[in-house]
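1. Sequence isn't available, so here's the structure alone:
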């Protein structure tokens, strides 16, 4: 959530640009920078004549497709424990409302989580993450935060995490996931695990991603936005997998009630395309694999450019973004009038010609010079260029990719 120069959220004071604060100007998920898969477009077009709305939580066909998707990943269960919504924002909002109590999130965290908790009048407490990754809180810091909140009269009930993370593009180790989840469950917290980016691992054979639901099956609800890897972001659909317990059955029912009250129903044609993608036919799996490999190469080049400038960033392991800390360049940025992440966002967005949301959007301190940099804009500005990037054996050698990376490097090198 953005922050105004006065330090207040969206107070709209004189001379304050509106797009610096209100939630509606917050950053979307990193853009893939790729055209729609033709096979999915055909499925959507074939279903365009469907006039009947999807039921709350998704049709039987969509829920069965989601069940099969998770079953192939070792998370077994029936379609009756699944709910779908038009994107993760309404789905996570409904989950927070259905569980009650205070919310804990890692710092930094996805841009929508804290505003959603605040919208419901719930406190959202941030917990530091370890040095090696984001998305999952340090277990000892988590225990300390829970005890402090309770001592102050709070009711911590829900922990939101992302093992493959936005904004940091890191993947938490299985050991950290296990320790953090054991600490959370021991303190009576339910865990919502956002696994939107699990199918975008840059080195899938070298990176072990452990879902919290594999180790704490009765205490974890898994959420996935299909726009992470399977469907275009313009076709909003996300799915949630609930534990097979009586308590979760009640929360599942509450979630469906909330989605119904919000009118948060998946559009019929989108549901058809989503179900097709979730069954993972050959064309879909080939696109997912190629896209992840492409993003890995471009993200690695962008990461090298960040480090060469003197800035810091963890090596990106998933997704189509990286999270850079320009703190070491503070004096050079200050000479350009950039003293916080809000000004850094404005400066780099202008220099790069692409969204570069500052760390304040993700719950980091305003004074920290951190920024999420997307790799999608480096793949080309037209569908033809993007397709060429996807199919080329040497995408970094393509003229349009070379030019985009050169512009990216230049924007950072001038700060050295």
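-> The structure has been received and is ready for your questions. Bear in mind the structure is a predicted one, so any value in this text is a computation, not a measurement. Numbering: from 1, shown residues only.
2. For the stretch 251-400 of the chain, just list every one of the strands.
-> 312-313, 321-325, 370-374 (DSSP state E, counting those that start in this stretch).
3. and those strands, which is most packed in?
-> strand 370-374 (a mean of 27; mean count of other Cβ atoms under 10 Å). C-beta: built from backbone N, CA, C; applies to glycine.
4. re the thing from before, distance to residue 106 added to the strands of the stretch 251-400 of the chain, as TSV?
-> TSV is the format used below for those (distance: least, Cβ to Cβ, whole Å):
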stretch	distance to residue 106
strand 312-313	17
strand 321-325	13
strand 370-374	14
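5. So which bits of stretch 226-240 are buried?
-> 226-233, 235-240 (16 or more other Cβ atoms under 10 Å).
6. ok, now how distant is the residue nearest the centre of the chain from residue 192?
-> When Cα atoms, centre = their mean is applied to the chain, the residue found nearest the centroid is residue 166 (4.1 Å). As judged by Cβ to Cβ, to the nearest Å, residue 166 and residue 192 stand 14 Å apart.
7. Could you give the number of residues near the closest residue to residue 155 other than its chain neighbours?
-> Leaving out its chain neighbours, the residue that sits closest to residue 155 by Cβ to Cβ, 6 or more residues apart in numbering is residue 101, at 4.4 Å. The burial count assigned to residue 101 is 16, neighbours taken as other Cβ atoms under 10 Å.
8. wait, residue 98 sits on residue 255?
-> Yes - between residue 98 and residue 255 there is a contact at 4.6 Å, judged by Cβ atoms under 8 Å.
9. More neighbours: which of those two?
-> Per other Cβ under 10 Å, whichever of residue 98 and residue 255 has more neighbours is residue 255, with 26 against 23.
10. Would you map the strands across the stretch 51-200 of the chain?
-> Using DSSP E, counting those that start in this stretch, the strands of the stretch 51-200 of the chain run over 82-85, 102-107, 124-128, 156-161, 190-194.
11. so of those strands, which one's packed in deepest?
-> Ranked by mean neighbour count, the strands of the stretch 51-200 of the chain are led by strand 82-85 with a mean of 28 (mean count of other Cβ under 10 Å).
12. Can you give the distance of that strand from its chain's centre?
-> Distance of strand 82-85 from its chain centroid, counting by Cα atoms, centre = their mean, to the nearest Å, is 17 Å.
13. cool, stretch 293-302 as well?
-> Stretch 293-302 sits 18 Å away from the centroid of its parent chain (Cα atoms, centre = their mean).
14. Kindly report the same for stretch 275-284.
-> If you compare the mean C-alpha spot of stretch 275-284 with that of the full chain, they lie 21 Å apart, counting by Cα atoms, centre = their mean.
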